[in-house]
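>>> generate a structure from the sequence data that follows.
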Amino acid sequence: MFNKILIANRGEIAVRIIRACREMGIETVAVHSEADDDALHVHMADEDVCIGPPAATESYLNIPRIISAAEITGCDAVHPGYGFLSESGKFAEICASCGLTFIGPAPDSIRAVGDKAAARETMKAAGVPILPGSDGPLGSIEEARSVAEEIGYPVLLKASAGGGGRGMRRVYEAEDLEGAFTAASSEAQAAFGNGELYLERLAQNPRHVEVQVMGDTHGHVVHLFERECSVQRRHQKLIEESPSPALDEATRRALCEAGVRAAEGVNYAGAGTVEFLLDSQGRFYFMEMNARIQVEHPVTELITGRDLIKEQIRVAAGEPLSFRQQDLRSFGHAIECRVNAEDPARDFAPSPGTVTGLHLPGGPGVRVDTHLFAGASIPPYYDSLVAKVLAFGANRTEAISRMKRALGEFSLEGVKTTVPLLLEILDDEPFVSGRYDTGYLDAKRAAARERVAAGA
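Next up, the predicted model:
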């Protein structure tokens, strides 16, 4: 087992990893930018190293500085968390070359799923359902036209190296394809340094359901059931829950088994998530695989009673999984609400600032993962996620009730948050009934804007 782990991240995930390490008797080193000098993960770690100015490119994405911090503090492993360098095959390779264990999948596995176009072909070979589309990246707009005509409109252009909705365009008519192709490619080049696109049939009004998988270096791969992630704005998740209210048991079993085949197809070791689109007929299709721990991993921890961060660390240390598929059970219902420092009334404009007052919810069935404290600074340079509020109940009705109670207790002064919007969603009939899809929130907000405009 490791003696000391450097955490190449910040915020709530850095705090979460420190807590797991402390329970395992492992020392931790926090790296931080100048903007995070007084951050909670810096105070909680055994040691800390400032690695640069506020810009992520000069700090949390600066590989030489992170490696230097690990070496001068005597670390033997690096945990990347999520975001930043967590899905960088290059970073994983550099860690290995410097005698540091990267707590995540092997570089080859990261690359196999990181290229979204290539991953489609890998999943097809592994027997995982995929939407009809191009065989690999598109070489030209002419090729895009040919594929689109073959599979039929509407189609979806997606960045091969992408994620988070960037480099993605829906195309409903042939005459709109060229403009969408140019825009998506330019956006992908700017965001990822790679303008390659692929094309697939557009699944209209789908649900977004993902499968948590875990593998080890001894050839074992398991799933830890699914999470429903369809409450989104601009492809960014706001609420996640498990079990998914959209699945019957037969579909759930097939979906989870497909997740395992996907992980086995890339020799996956570590924690990962296989994401699927679910159509209105209950058919599911591979979307992408994230080679890291997810923001929403606590949902799975609540329904299975398993600590995914500790399991990640054990697997990276060469230990076999501490459980097999037959050992895993899903019980109760869990919901996670992401609290962001944003103003929903101003189109989710970021709301950085200083926390002047804070009260976190508690009580039966409530968990809060956060890096906040009274007086904490929320800088404008990074993701706006400030807390994850989770509610667990014997069933979905109880979980929703507890979440409403928890968010009602949540008080954060000094910045705007998404809490009012989250409470509104929890009372909305489509969510309460479980009949919602990935377009639900955008459609709801568009209707609200139309009502305001009509009354103006």
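>>> all strands for the stretch 1-150 of the chain, in order.
4-7, 27-33, 47-52, 77-79, 101-102 (DSSP state E, counting those that start in this stretch).
>>> so for F323, which of those strands sits nearest?
F323 lies closest to strand 77-79 among the strands of the stretch 1-150 of the chain, at 20.8 Å (CB to CB). Any C-beta I mention is one placed from the backbone N, CA and C, and that applies to glycine too.
>>> pull the residues that contact the closest one.
Defining contact as CB atoms under 8 Å, 6 or more residues apart in numbering, one finds that strand 77-79 is touched by 2, 4-9, 17, 66, 70, 95, 100-103, 312-313, 316-317.
>>> are any of those residues buried, and which?
2, 4-9, 17, 66, 70, 95, 100-103, 312-313, 316 (16 or more other CB atoms under 10 Å).
>>> show me the beta-bridge partners of R170.
Beta-bridge pairing for R170 (DSSP bridges): L156.
>>> sheet partners, orientation included, of the single longest strand found in the chain?
In the chain, taking DSSP state E as the definition, the longest strand is strand 221-233. Sheet partners assigned to strand 221-233 using DSSP bridges are listed as strand 207-215 (antiparallel), strand 236-242 (antiparallel).
>>> show me how far the longest one is from its chain's centre.
Relative to the mean C-alpha coordinate of its chain, strand 207-215 is positioned 11 Å out (CA atoms, centre = their mean, to the nearest Å).
>>> check contacts around R120.
Counting by CB under 8 Å, 6+ apart, R120 has contacts I130, G133, Y198, E200, F286.
>>> mind redoing it with 10 Å?
128, 130-131, 133-136, 158, 160, 198, 200, 285-288 (CB atoms under 10 Å, 6 or more residues apart in numbering).
>>> which of the residues you listed are buried, as a PyMOL select command?
Of the contacts of R120, the buried ones can be selected in PyMOL as follows, counting by 16+ other CB under 10 Å:
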select buried, resi 128+130+131+133+134+158+160+198+200+285+286+287+288
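>>> of the contacts of R120, which is the nearest to G219?
Closest to G219, out of all of the contacts of R120 and judged by CB to CB, is V128, at 18.9 Å.
>>> ok, back up a step: deepest-packed of the strands paired with strand 221-233, please.
Burial of the strands paired with strand 221-233 is given as mean neighbour count (mean count of other CB atoms under 10 Å); strand 207-215 ranks first at a mean of 25.
>>> for it, list the C-alpha coordinates in CSV.
Extracted as CSV, the C-alpha positions of strand 207-215 are listed here (Å, rounded to 0.1, in the frame of the first residue of the first chain):
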residue,chain,number,x,y,z
ARG,A,207,-32.4,9.9,-21.3
HIS,A,208,-28.8,9.9,-20.1
VAL,A,209,-28.1,6.8,-18.0
GLU,A,210,-24.6,5.7,-17.0
VAL,A,211,-23.1,2.6,-15.5
GLN,A,212,-20.4,2.7,-12.7
VAL,A,213,-17.7,0.1,-13.4
MET,A,214,-14.6,-1.0,-11.5
GLY,A,215,-11.8,-3.2,-12.6
